[in-house]
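**Q** What follows is a predicted protein model with its sequence.
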Amino acid sequence: MRADRYKEALADKAVSQQDFDDADAALKQAEAELETARINLNYTRVVSPISGRIGKSTVTDGAIVTAYQPVALATVQQLDPIYVDVPQSTTELLRLKHRLEDSRLNHSDANLDKVRLILDDGTQYPLEGTLQFRDVSVDPTTGSVILRAIFPNPDGVLLPGMFVRAVVKEGVDDQAILVPQQAVSRNPKGSPLTLVVDAEGKVGLRMLTLDRAIGDQWLVSSGLAPGDRVIVEGVQKVRPGAAVKVVPFDASRKQEAESGNKSQPATSSK
């Protein structure tokens with residue numbers, strides 16, 4: 001380089017000190033410009049702060065991009081583990097709080113705060129998730145809060161934006177009584193009631209207080225006790241006080257009968 005040659009020539013008094021200083025300054029300026037070019041080149045390489053799967057690009061090759069631009073270059077989604085946000089109505093939230101305060105629910109089980117998912121096609125997601133937190137802000141448009149759960153997703157079954165249903169275990173009612181919805185009717189005032197069979201084989205009428213529906217069953221708050229026999233089928237054929245013969249109800253056999261199977265439907269009274 002010129003600076004090196006001038007340095008050797010300066011020792012032999014072949015060039016002036018000014019010529020050497022000018023060559024040395026030009027060298028340092030060129031080195032500074034080279035370093036600036038390296039820094040600018042590094043800025044053209046965008047590295048994702050997380051690992052995951054990248055979606056489609058929103059810009060084309062060669063397009064000019066700037067810092068803090070409103071449009072992202074691309075979106076990287078973390079899929080394993082993955083967060084699942086589930087809305088919970090404030091009505092259900094308050095009901096759960098009251099049941100816990102009244103000791104109707106046991107919240108000391110080690111398996112609580114576990115979450116199961118039911119996929120859009122009705123199948124159950126095989127892996128269990130964990131409830132992370134419940135948001136403190138209520139969405140005024142839906143009257144609900146967000147529950148966030150985290151799920152392992154090694155096979156990439158769960159995708160961002162996918163519709164799922166969540167089953168969150170937040171408490172256990174050891175004394176809960178569930179009855180099939182078809183066993184409950186309503187009187188002209190709309191109050192729920194059911195028919196039961198006592199120890200003597202006679203039909204009795206019970207007024208019920210229902211908590212909520214769980215699948216195809218009602219959760220009964222009051223009106224029934226453990227061991228009560230509820231009439232599920234043949235309700236139209238009996239009246240309170242009538243003597244009946246009890247046959248155990250088999251929901252699986254009923255489903256087979258409804259699907260065209262020739263097996264006889266089971267009933268709880270005749």
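**A** Yep, that arrived. Residues are numbered from 1 along each chain as shown.
**Q** Nearest spatial neighbour of Met162, chain-adjacent residues omitted?
**A** Of all residues not flanking Met162 in the chain, Asp120 sits nearest, at 6.9 Å (CB to CB, 6 or more residues apart in numbering). Heads up, the C-betas are built off the backbone N, CA and C, glycines and all.
**Q** That neighbour is in contact with Leu158, isn't it?
**A** No: counting by CB atoms under 8 Å, Asp120 stays clear of Leu158, with 10.9 Å between them.
**Q** The residue nearest to Met162: how many residues sit nearby?
**A** 9 (other CB atoms under 10 Å).
**Q** so who does Leu205 touch?
**A** Leu193, Thr194, Leu195, Val196, Pro240 (CB atoms under 8 Å, 6 or more residues apart in numbering).
**Q** Quick check: which element contains it?
**A** When secondary structure is defined by DSSP states H and E, Leu205 falls within strand 203-207.
**Q** Just after that strand, pick out the following helix or strand.
**A** The first helix or strand that comes after strand 203-207 along the chain, using DSSP H and E, is strand 209-214.
**Q** following that following strand, which helix or strand shows up next?
**A** strand 217-222.
**Q** Now that next one: buried residues?
**A** Buried residues in strand 217-222, counted by 16 or more other CB atoms under 10 Å: Gln217, Trp218, Val220.
**Q** ok, the second one touching Gln182?
**A** I take that to be Trp218. No: between Trp218 and Gln182 there is no contact under CB under 8 Å: 10.0 Å.
**Q** just to revisit the earlier point, I'd like to know how far the residue nearest to Met162 sits from Asp216.
**A** Plainly put, Asp120 is 20 Å away from Asp216 if you go by CB to CB, to the nearest Å.
**Q** Would you map out the domains in the protein?
**A** Following automatic domain parsing, one gets these domains for the chain: 2-43, 47-174, 177-258.
**Q** What segments of the stretch 51-200 of the chain are strands?
**A** Residue ranges of the strands in the stretch 51-200 of the chain, as given by DSSP state E, counting those that start in this stretch, are 53-54, 76-77, 82-89, 114-118, 129-134, 144-151, 165-169, 177-180, 185-186, 192-197.
**Q** State the pLDDT value of Asp174.
**A** What the model reports as pLDDT for Asp174 is 65.
**Q** Could you pull up the residues touching Gly227?
**A** No contacts exist for Gly227 under CB under 8 Å, 6+ apart.
**Q** now, among the buried residues of strand 217-222, which is nearest to Ala30?
**A** Minimum distance to Ala30 across the buried residues of strand 217-222 is 82.0 Å, recorded for Gln217 (CB to CB).
**Q** Could you tell me which residues make contact with that closest one?
**A** Listed by CB under 8 Å, 6+ apart, the contact partners of Gln217 are Leu178, Val179, Pro180, Gln181.
**Q** Just the buried residues of the residues you listed.
**A** Leu178, Val179, Pro180.
**Q** so who does the second one touch?
**A** Applying CB under 8 Å, 6+ apart, one finds that Val179 lies in contact with Thr194, Gln217, Trp218, Val220, Leu224, Val230, Val232.
**Q** where's it relative to Leu208, distance?
**A** 8 Å.
**Q** which residues of the stretch 51-200 of the chain score low on pLDDT?
**A** Low-confidence segments of the stretch 51-200 of the chain (pLDDT under 70): 96, 98-112, 170-174.
**Q** What's the separation between Gly201 and Asp22?
**A** Relative to Asp22, and taking CB to CB, Gly201 is found at 118 Å.
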